[in-house]
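> Provide a 3D model corresponding to the input given below.
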Amino acid sequence: MAHYPADGAGHIRPGVAYTGPSNNRYLPPLDDDWAARHPDDARTDPDQARDGAYRITVTRAAAMRSREMGSRMYGLVHRAATADGADKSGLTALTWPVVANFAVDAAMAVALANTLFFAAATAESKSRVALYLLITIAPFAVIAPVIGPALDRLQHGRRVALAMSFGLRTVLALILIANYDSATGSFPAWVLYPAALAMMVLSKSFSVLRSAVTPRVMPPSIDLVRVNSRLTMFGLIGGTIIGGGIAAGIEYVGTSLFALPGALFVVLVMTLVGAALAMRIPSWVEVTAGEVPTTLSYHDQSDPLRRHPHPGDQAARQPMGRNIITSLWGNCTIKAMVGFLFLYPAFVAKAHDADGWRQLAILGVIGAAAGIGNFAGNFTAARLKLGRPSMLVVRATMAVTALALAAAIAGNLLFAAIATLVTSGCSAIAKASLDAALQDDLPERSRASAFGRSESLLQLAWVLGGAIGVLVYTDLWVGFTAITALLIPGLAQTIVSFEGGSLIPGLGGNRPVMVGPEDSGSGTRPSSGSHR
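Predicted coordinates for the structure are as follows:
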């Protein structure tokens, strides 16, 4: 901002008002030595140079307006990213890698849309569909449960792990670019499928790692619900919308003019940027002293028939209370629906030999409903008073299940779009409620572990729903009937857990609301609390 100095440093400092002779802080200072400090912009006329006056041309006016708008936009983003002390707590430093991760996912979706996703969605070959499921979906059933417990053992190097999730994707992008066939616009199958799998695994690993790091950078003036909502909104706007749009434009130019996978070059740049930004996260996210890992199971140590281990048998663990378990069951149920809706519409659009415009209409309606619902849900969740989060999760799960059943009965695009809209909104609200339960019902020393484990479970539920979306027949009523058959037991378990029971022993709400750590060495009994 060479023309708009506000102090002796020659630039406007964020948050510092300009106190010069003009009320417009974007104007240059009206002093006599302006031309001496800006010789390139001074006129050749000595009198005009001495007076600091020069002619405003169209080019200069456009440049000044561009700088003004850019400065205002930067100020707006800067204030939003640093609000509530986020710059001091480290949340701002975490925000930018999250945006980069969203952008990488969006660019990968653009890069592989025709070669992997829609190619598998043609449903012309059952073997291709089976291969797509095997390579890109099924391995998460093994990988997802491993990521969360691995975090409990990661005592140091969380920033390095976040950076590595980007760095490895840089290598994969280079491999894909090197094996791109410009004649066919595709990749060899032996490169494409493993690379796509690894990209998905690394993206999900970043999400789990980010969930474990977030409690460490939470500003003291706001709660985890608003922190996660803020990160999601930044990711959706800056990464998915802006980053995905840039990737789509570069992909079009690259494939049309240069026969190159343009979106993969966006992936390459964003992964390098993301790795660098991840290492700028404050070092205090590495501090794990005193952390107590969480566990999903619960054992009533007050039971006289239960054998208490001898001291030193195992380290203390923090069981999750009734509200958290209820919220987890509800969120996993909704997440299964989200995974189903992520994959199934593409198969429906491609299955019946519809023309390109009809396919675009189907995917556009479903995509728009998902986007609107996601924004509305996050916007609402950030403003709700989550006094009884588990109750809110139960209601959200009921709404999603009811709309899935309605779509199964109607079997048309309108109800499918309404179900997508409601599911996206309820998913955001239910996730915010789970965050609130984790913050309220767990001690600080166990929150990082709980966030990592809960995110792993949600990813596994997404995989289950996505697998149903790939395997079932591509009539809308058949697909929604299949997913409803999964949602109903999930809803039942959520309600029973909320009431203090369980359909699955040890993994339901048959436990106190507030649970103390299970210390095998001292035999400490869990504390109980009333149902909120």
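> Does anything pack onto the one helix or strand Val365 maps to? Which helices or strands?
Secondary structure here is read from DSSP states H and E; on that basis Val365 sits in helix 356-381. The criterion is 3 or more CB pairs under 8 Å, 6 or more residues apart in numbering; DSSP states H and E, and the helices and strands that helix 356-381 contacts are helix 224-234, helix 322-351, helix 413-441. Bear in mind the C-beta positions are built from the backbone N, C-alpha and C, glycine included.
> Minimum distance to Ala485: which of those helices has it?
Ala485 lies closest, by CB to CB, to one member of the helices and strands packed on helix 356-381: helix 322-351, at 11.1 Å.
> distance between that closest one and the chain's centre?
Distance, stretch centre to chain centre, for helix 322-351: 15 Å (CA atoms, centre = their mean, to the nearest Å).
> Over to stretch 396-406?
Offset of stretch 396-406 from its chain centre (CA atoms, centre = their mean): 23 Å.
> Tell me which residues of that stretch come out buried.
Residues Ala396, Thr397, Met398, Ala399, Val400, Thr401, Leu403, Ala404, Leu405, Ala406 are the ones in stretch 396-406 that count as buried (16 or more other CB atoms under 10 Å).
> for stretch 434-447, same thing?
Of the residues in stretch 434-447, those scored as buried under the neighbour-count criterion (16+ other CB under 10 Å) are Leu434, Asp435, Ala436, Ala437, Leu438, Gln439, Asp440, Asp441, Leu442, Ser446, Arg447.
> Rounded mean pLDDT for it, please.
Stretch 434-447 comes out with an average pLDDT of 83.
> now the end-to-end length of it.
Distances were taken as CA to CA, to the nearest Å; on that basis the terminal residues of stretch 434-447 are 12 Å apart.
> And that stretch, how far out from the chain middle?
Computed by CA atoms, centre = their mean, the separation of stretch 434-447 from the middle of its chain amounts to 19 Å.
> heads up, I number from 56, so please use that
I'll keep to 56 as the first residue from here, and by that count the last item is stretch 489-502.
> can you list contacts of that stretch?
By CB atoms under 8 Å, 6 or more residues apart in numbering, the surrounding residues in contact with stretch 489-502 are 270, 278-280, 283, 345-349, 373, 375-376, 378-379, 382-383, 386, 441, 444-445, 448, 505-506, 509, 568-569, 572.
> Just the pLDDT at the residue positioned nearest the centre of the chain, thanks.
Centrality entry for the chain: nearest residue to the mean C-alpha point is Thr287, 5.5 Å, by CA atoms, centre = their mean. According to the predicted model, the pLDDT of Thr287 comes to 86.
> One more: Ala333?
pLDDT recorded at Ala333 is 93.
> List the contacts of it.
Listed by CB under 8 Å, 6+ apart, the contact partners of Ala333 are Pro152, Arg214, Leu217, Ala218, Phe221.
> For those, which two are the farthest from each other?
So, the contacts of Ala333 by CB to CB: farthest apart are Arg214 and Phe221, at 11.3 Å.
> If you count surrounding residues, which of these two has more?
Each of Arg214 and Phe221 has its neighbours counted (other CB atoms under 10 Å); Phe221 has more, 25 against 21.
> Over to Pro374: give its phi and psi.
Main-chain torsions, Pro374, degrees, to the nearest 10: phi -70, psi 160.
> Now which of the contacts of stretch 489-502 would you call buried?
When these are checked against 16+ other CB under 10 Å, the ones flagged as buried are 270, 278-280, 283, 346-349, 373, 375-376, 378-379, 382-383, 386, 441, 444-445, 448, 505-506, 509, 568-569, 572.
> Could you report the pLDDT at Arg80?
In the predicted model, Arg80 carries a pLDDT score of 37.
> Also Asp358?
The pLDDT attached to Asp358 in the predicted structure is 49.
> what are the C-alpha coordinates of stretch 112-130, in PDB please?
Taking only C-alpha atoms (Å, rounded to 0.1, in the frame of the first residue of the first chain), the coordinates of stretch 112-130 have been written out as PDB:
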ATOM      1  CA  THR A 112      -6.000   9.200 -14.700                       C
ATOM      2  CA  VAL A 113      -8.400   6.400 -15.300                       C
ATOM      3  CA  THR A 114      -5.600   3.800 -14.700                       C
ATOM      4  CA  ARG A 115      -4.600   5.500 -11.500                       C
ATOM      5  CA  ALA A 116      -8.200   5.700 -10.300                       C
ATOM      6  CA  ALA A 117      -8.700   2.000 -11.100                       C
ATOM      7  CA  ALA A 118      -5.500   1.100  -9.200                       C
ATOM      8  CA  MET A 119      -6.500   3.200  -6.200                       C
ATOM      9  CA  ARG A 120      -9.900   1.700  -6.100                       C
ATOM     10  CA  SER A 121      -8.500  -1.800  -6.400                       C
ATOM     11  CA  ARG A 122      -6.100  -1.200  -3.500                       C
ATOM     12  CA  GLU A 123      -8.900   0.300  -1.500                       C
ATOM     13  CA  MET A 124     -11.200  -2.700  -2.000                       C
ATOM     14  CA  GLY A 125      -8.300  -5.100  -1.400                       C
ATOM     15  CA  SER A 126      -7.400  -3.400   1.800                       C
ATOM     16  CA  ARG A 127     -11.000  -3.400   3.000                       C
ATOM     17  CA  MET A 128     -11.400  -7.100   2.100                       C
ATOM     18  CA  TYR A 129      -8.100  -8.000   3.900                       C
ATOM     19  CA  GLY A 130      -9.200  -6.000   6.900                       C
END
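> Would you pull up how far that stretch lies from the middle of the chain?
The answer for stretch 112-130 is 33 Å, by CA atoms, centre = their mean.
> Averaged pLDDT, that stretch. What do you get?
The predicted model assigns stretch 112-130 a mean pLDDT of 76.
> Low-confidence ranges, the chain, go.
56-111, 169-211, 342-345, 354-370, 405-412, 441, 571, 573-587 (pLDDT under 70).
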